[in-house]
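Engineer: make a model of this:
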Amino acid sequence: MIFMLDTDICSYVMREQAGSLLSVLHEKSVEGHDLCISVITYQELRFGAERAGSAKFHKRIDSFCERIDSIADWRGEQADTFARVQTALLARGRPIGFTDAMIASHALTLDATLVTNNVRHFSQVDGLRHESWMGD
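Structural biologist: Down below sits the predicted model:
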C-alpha cells in the first residue's frame, strides 16, 4: 500500500512532534508499505524553508526525504485529475486550496492513501482515501 504524507504531517515529523505519529510511520515502514510525498509537498516544504531563510530547516527536509521511499513526480495524469477535482469542488462551493487539491489529485492518481491531520478538509474530495495518524 502507498501512503502519501501531506505537508502538515511532514512538518510534525521534521519537528519531532507527536510521538504516536512517529511510531505509526515506523510501523508502516516495517510492514513494507511505501511512504512518499508529492513533489507539491516537497516544494511547499522548500518554499517554507526559503521564506524563513533557514539552513537548519533545509537540512531537516534533506534528512526527512532520505527516510521516505520517494518524492512522487507530477505529470499529465495528475494535472488531468486535478482539473476534474478542482472543478467538482468549485461546483459544490467547497474549494480546499490550490496546492491541497493538487496533493489530493496526486494521491488519487497513485491510488495512495493520503495521511493528513486535516481530514475534514480532504474529506471533501470524492474518492480520496485519507487517514490521520496523529493519535488524538
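Engineer: every contact and neighbour count from this point should use C-alpha atoms.
Structural biologist: Noted.
Engineer: centroid-wise, who is the farthest residue in this structure?
Structural biologist: Within the chain, A91 marks the point farthest from the mean C-alpha position, 24.1 Å out by CA atoms, centre = their mean.
Engineer: gap between F57 and D6?
Structural biologist: Distance of F57 to D6, computed by CA to CA, to the nearest Å: 17 Å.
Engineer: spatially nearest residue to S38, not counting backbone neighbours?
Structural biologist: Excluding its sequence neighbours, the residue lying closest to S38 (CA to CA, 6 or more residues apart in numbering) is A72, at 4.9 Å.
Engineer: who's in contact with the one you found?
Structural biologist: Contacts for A72 (CA atoms under 8 Å, 6 or more residues apart in numbering) come out as 36-39.
Engineer: reformat the residues you listed as JSON lines; add secondary structure, distance to V13 and neighbour count.
Structural biologist: Shown next, in JSON lines, are these (DSSP: H, G, I helix; E, B strand; the rest coil; distance: CA to CA, whole Å; neighbours: other CA atoms under 10 Å):
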{"residue": "C36", "secondary structure": "strand", "distance to V13": "13", "neighbour count": "22"}
{"residue": "I37", "secondary structure": "strand", "distance to V13": "13", "neighbour count": "25"}
{"residue": "S38", "secondary structure": "strand", "distance to V13": "16", "neighbour count": "23"}
{"residue": "V39", "secondary structure": "helix", "distance to V13": "17", "neighbour count": "17"}
